[in-house]
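Asker: next comes the sequence, and after it the predicted model I'd like to discuss.
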Amino acid sequence: MSIRIGDVAPDFTAETTEGTVNFHEWLGEGWGVLFSHPKDFTPVCTTELGEAARLKPEFDKRNVKIIGLSVDPSESHHKWAEDIAETQGTALNFPVIADADKKVADLYEMIHPNASDTFTVRSVFVIGPDKKVKLTLTYPASTGRNFAEILRVIDSLQLTAKYSVATPVNWKDGDDVIIVPAVSDEAAKEKFPGGWKTVKPYLRVVAQPGK
Ligand code: BEZ
């Protein structure tokens with residue numbers, strides 16, 4: 001059965017470019033992003049890993065650890081890392097799982113047989129400090145992901161976790177947010193003493209907290 005939002009992210013132990021990782025232990029108390037790549041030495045993946053490495057300080061700022069996966073052995077990953085550093089201008093600075101036996105890919109259903117029996121699709125799992133899955137994304141092998149969007153979603157998820165607010169369509173950091181329906185007006189008075197705008201009783205808009 002596929003992994004859905006709210007499920008506990010399956011735990012595993014795997015070899016990575018930074019040694020053996022027990023996933024839950026490695027996540028610790030923070031947030032995590034697990035993302036798969038179809039294959040080593042492929043063009044789109046090379047650009048994605050370079051971009052993820054470039055954005056690592058942004059993930060760090062949000063207390064998010066990132067870990068990639070490709071269904072090739074460690075030696076291959078290390079050789080590929082040389083190409084990533086050479087062509088993308090940033091060296092790998094996070095672990096990439098060497099999943100040659102497809103153990104993790106199978107656990108997370110990253111291989112979609114009607115797309116390919118051998119390559120993974122581009123899966124993304126964002127995992128919260130409670131080890132539960134907060135977001136899943138699936139892209140085909142031919143489309144590189146937008147890592148700015150992954151950071152944007154993490155900002156939204158972290159605001160929800162901290163302040164009980166949701167984010168509207170096309171929201172970006174600094175824009176107004178929405179008080180979640182589960183918060184009564186009474187409770188909202190405590191949480192948002194600066195007030196909010198009631199557009200409809202179910203649509204209450206407030207300045208982004210913590211800004
Ligand atoms: C790529 O990363 O460029 C790629 C991998 C598999 C199929 C198509 C593209």
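Answerer: Perfect, I can see it now.
Asker: what's the following helix or strand after the top helix by length along the chain?
Answerer: In the chain, with assignment by DSSP state H, the single longest helix is helix 147-163. Later in the chain than helix 147-163, the nearest helix or strand by DSSP states H and E is strand 165-166.
Asker: sorry, back to before: show the average pLDDT along the longest helix of the chain.
Answerer: For helix 147-163, mean pLDDT rounds to 98.
Asker: do stretch 25-37 as well
Answerer: The model assigns stretch 25-37 a mean pLDDT of 98.
Asker: go through that stretch and flag the buried ones.
Answerer: 26-27, 31-37 (16 or more other Cβ atoms under 10 Å). In this view, the C-beta of every residue, glycine as well, is placed from N, C-alpha and C.
Asker: okay, and which of those map to strands?
Answerer: Judged by DSSP state E, the buried residues of stretch 25-37 include 31-37 as members of strands.
Asker: how about a markdown table for these, with distance to the ligand added?
Answerer: Output for those, formatted as a markdown table (distance: Cβ to the nearest ligand atom, whole Å):
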| residue | distance to the ligand |
| --- | --- |
| 31 | 26 |
| 32 | 23 |
| 33 | 18 |
| 34 | 17 |
| 35 | 13 |
| 36 | 11 |
| 37 | 7 |
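Asker: what about residue 48, how many neighbours?
Answerer: By other Cβ atoms under 10 Å, the residues close to residue 48 number 22.
Asker: which SSE is it in?
Answerer: helix 43-54.
Asker: buried residues in that helix?
Answerer: For helix 43-54, the neighbour count (16+ other Cβ under 10 Å) marks 44-46, 48-53 as buried.
Asker: where does the residue in the chain sticking out farthest from the centre land in three-state SS?
Answerer: What lies farthest from the middle of the chain is residue 186; by Cα atoms, centre = their mean that is 34.2 Å. Secondary structure, DSSP: H, G, I helix; E, B strand; the rest coil: residue 186 is helix.
Asker: residues in contact with it?
Answerer: Listed by Cβ atoms under 8 Å, 6 or more residues apart in numbering, residue 186 has no contact partners.
Asker: near the ligand, which residues of this protein are found?
Answerer: Taking Cβ under 6 Å from any ligand atom as the contact definition, the chain meets the ligand at 38-39, 42-45, 119, 141-142.
Asker: show me where the chain has helices.
Answerer: 23-27, 43-54, 56-61, 74-88, 103-107, 147-163, 185-191.
Asker: need the distance between the two termini of stretch 169-189.
Answerer: 25 Å (Cα to Cα, to the nearest Å).
Asker: next one: it to chain centre, how far?
Answerer: 23 Å (Cα atoms, centre = their mean, to the nearest Å).
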